[in-house]
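> no sequence on this one, just coordinates:
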């Protein structure tokens, strides 16, 4: 009725009362008025005898949807609460790990460079989960600057100090160092080997150094190499330097 007449029931009742008063008194006018009312009735369409049942079914579906909506809203709230808890715990653990690694990094940097200063800084955001990490270092006799402005050898030693600082905070069973000593001179290679030996004693990590530097090779426990005694046939060779030194001493 609202769709057909575009009126609320109360307004429609008032209109019908007004029209009833205006009904013609003569027979012809009454017939014309009846015809007009019949056309309006036909325009309303057929009567839906299942309207009450359909309304009940729609009401049931609506109740189910409202219940599901409440469940989804509750699940979303619980999920957001869990995410917030994880973020809070992540911030605390990240901040604690950052402070620990930063302190170890400062100490190892000073050991490798025999002086100077270095530190890690969180940049671009106050939130540790969204912040970036920048390495600032100051070798002896130089100004504090970002790591990218340092020479190749200085960058290698600084990166080594950072890697070892991470291992002190959370040691892993194995650490592979691939040509770390390549850009270093002999004096810095000696410092690197001393620090590597110290890390071996302080942690239970097995360090594997891939290198061609004779100084580094002379300071390790065991050497592994590949030789080709026959053309096209490679063979792995292993030398225990500690056992070799003991045999040489005898």
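Great, that's in hand. Note that the coordinates shown come from a computational prediction; the quantities given were computed from them, not determined experimentally.
> How about the contacts made by residue 153?
183-185, 188 (Cβ atoms under 8 Å, 6 or more residues apart in numbering). (C-beta placed from N, C-alpha, C; glycine too.)
> Which helix or strand contains it?
helix 152-169 (DSSP states H and E).
> What residues sit buried inside that helix?
153-158, 160-169 (16 or more other Cβ atoms under 10 Å).
> which of the residues you listed lies closest to residue 203?
In terms of Cβ to Cβ, no member of the buried residues of helix 152-169 lies closer to residue 203 than residue 167, at 6.1 Å.
> Was I right to think the closest one contacts residue 200?
No - at 10.7 Å, residue 167 does not count as touching residue 200 under the criterion of Cβ atoms under 8 Å.
> Name the spans of the protein whose pLDDT lies under the cut-off.
19-25, 244-245, 247-250 (pLDDT under 70).
> quick one, phi/psi of the spatially most central residue of it?
Nearest to the mean C-alpha position of the chain, by Cα atoms, centre = their mean, lies residue 129 at 8.4 Å. Phi and psi for residue 129, reported as degrees, to the nearest 10, are phi -70, psi -20.
> distance of it from residue 7?
59 Å (Cβ to Cβ, to the nearest Å).
> ok, now residue 68?
Applying Cβ to Cβ to residue 68 and residue 7 gives a distance of 36 Å.
> swap in residue 147?
From residue 147 to residue 7 the distance is 78 Å (Cβ to Cβ).
> And for residue 15?
Residue 15 is 7 Å from residue 7, where distance means Cβ to Cβ.
> picking up where we left off before, of residue 68 and residue 7, which one has the most company?
The neighbour count for residue 68 versus residue 7, taken as other Cβ atoms under 10 Å, is higher for residue 7 (14 against 10).
> and the more buried one, which of the three is it?
Here residue 7 is recorded as coil under DSSP: H, G, I helix; E, B strand; the rest coil.
> from memory it sits against residue 13, does it?
No - in this structure residue 7 lies outside contact range of residue 13 using Cβ under 8 Å: 9.1 Å.
> Just give me the residues shared between the contact sets of these two.
With Cβ under 8 Å, 6+ apart, residue 7 and residue 13 have no common neighbours.
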